[in-house]
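Undergrad: just the structure for this:
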Amino acid sequence: MLRKYLAFLLVLALVLLAGCAAQNGVSGERVSSLDRIINKNELVLGTTGDMPPLNMTTRDGKVIGLDIDIATYLATTMGVELRIERMNFSELLPALEAGKVDVVISGMTITPERNRKAAFVGPYFVSGKAFLTKMETIASADEVTDINTPGISLVALKGSTSEYLVQEVLPRVSLVTVDDYETAVAKVLDDSVQAMVADYPVCLVSILRHPDTELLSLITPLTYEPLGIALPADDPHLINLVENALSLLVDSGQLDRLTARWFDNDAWLSKLP
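TA: Below you'll find the model as predicted:
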């Protein structure tokens, strides 16, 4: 009886070991995120595709912008193809944690809370919050708290630092959250809300896209927003590779040239829906 029991335990152990080997590879070691990217010859980027000029979708469905240029450079550095997965902003980090995407580059501010879920490399761009509005009193506010009054309604992107800013600093206003900036801007245009809170580049581009409206925005951003590249937190080799790639972009001056391509030239506006 004891001999049969020991034989059963031995078979069970072998089955468990075989399962681990199949999951982790022949060597029995866990396959890293970087190895997975190289093995499948594909870097999967998570982005919203609706944050011009950082990332945006053209009339023919192509996603372009500074974020896409950086992702393309990373894929080239790794010697793999780039595949872009568009999703709502609030879904990006969960997708990264679940392994559905390999990297997130989507105008995402580096914050301590987000850093608990993912590793961040950067910043590759520094932005700031601003108001998009028709009301001069809001557009000219020196401090974000200047509009912390009942009767003011604001819209912000769900899961963004703009939403957190309103919740923490403007508790007396009414807050509406949406999944994309197109919906947010539409609410400002049809007077459903008094203003949109967003990164200043988004506000500026919204004004450029609607030149015949009364939209206004601050020239000076209200907050400091360092934008970073989000990566799986458990792969130091991938993090190190992206750090080195971004350093090379910065030191060579290529990042400045890429940024100027999108922020100093509005030719891309004609490609948008």
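Undergrad: got the contact list for the one helix or strand Met56 maps to?
TA: Using DSSP states H and E, the element containing Met56 is strand 55-57. Strand 55-57 is contacted from outside by 47-50, 63-68, 86, 105-107, 268, 272-273, using Cβ atoms under 8 Å, 6 or more residues apart in numbering. (Each C-beta comes from the backbone N, C-alpha and C, glycine too.)
Undergrad: how about stretch 125-132?
TA: Stretch 125-132 has contacts (Cβ under 8 Å, 6+ apart) with 54, 66, 107, 109, 138-139, 141, 144, 147, 161-162, 165, 185, 188, 195-203, 206-207, 215-218, 220-227, 259.
Undergrad: check the offset of it from the chain's centre.
TA: 14 Å (Cα atoms, centre = their mean, to the nearest Å).
Undergrad: Throw together a PyMOL command that grabs the buried residues out of the contacts of stretch 125-132.
TA: With 16 or more other Cβ atoms under 10 Å as the criterion, this PyMOL line picks the buried residues out of those:
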select buried, resi 54+66+107+109+138+139+141+144+147+161+162+165+185+188+195+196+197+198+199+200+201+202+203+206+215+216+217+218+221+222+223+225+226+227+259
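Undergrad: narrow the contacts of stretch 125-132 to those in strands?
TA: For the contacts of stretch 125-132, the ones inside strands are 195-199, 216-217, 225-227, with DSSP state E as the criterion.
Undergrad: between which two of the residues you listed is the distance greatest?
TA: Spatial extent of the ones in strands among the contacts of stretch 125-132 (Cβ to Cβ) is set by the pair Leu216 and Pro226 at 25.8 Å.
Undergrad: the ones in strands among the contacts of stretch 125-132 into a markdown table, with extra columns for distance to Ala119 and pLDDT?
TA: Shown next, in a markdown table, are the ones in strands among the contacts of stretch 125-132 (distance: Cβ to Cβ, whole Å; pLDDT from 0 to 100):
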| residue | distance to Ala119 | pLDDT |
| --- | --- | --- |
| Ala195 | 34 | 95 |
| Met196 | 30 | 96 |
| Val197 | 27 | 94 |
| Ala198 | 25 | 93 |
| Asp199 | 22 | 91 |
| Leu216 | 38 | 90 |
| Ser217 | 33 | 87 |
| Glu225 | 19 | 91 |
| Pro226 | 14 | 95 |
| Leu227 | 15 | 97 |
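Undergrad: nearest to Val169, of these?
TA: Val197 (10.0 Å).
Undergrad: report the beta-bridge partners for that closest one.
TA: Taking DSSP bridges as the rule, Val197 bridges to Phe131.
Undergrad: how near is it to Ser252?
TA: Separation of Val197 from Ser252 (Cβ to Cβ, to the nearest Å): 35 Å.
Undergrad: just to revisit the earlier point, return the subset of the contacts of strand 55-57 lying in helices.
TA: Judged by DSSP state H, the subset of the contacts of strand 55-57 located in helices is 66-68.
Undergrad: thinking again about what came up before, neighbouring strands - and their directions - for the strand holding Met56?
TA: Strand pairing for strand 55-57, using DSSP bridges, gives strand 50-51 (antiparallel), strand 63-64 (antiparallel).
Undergrad: Pro171 - how many residues pack around it?
TA: Pro171 has 9 neighbouring residues, counting by other Cβ atoms under 10 Å.
Undergrad: go ahead and confirm it touches Thr149.
TA: No - contact criterion Cβ atoms under 8 Å: Pro171 and Thr149 do not qualify, at 11.0 Å.
Undergrad: show me what stretch 167-185 is in contact with.
TA: So stretch 167-185 is in contact with 48, 50-51, 88-90, 132, 144-145, 147-150, 152-158, 163, 166, 187, 192-193, 196, 198, 202, 206, 210, going by Cβ under 8 Å, 6+ apart.
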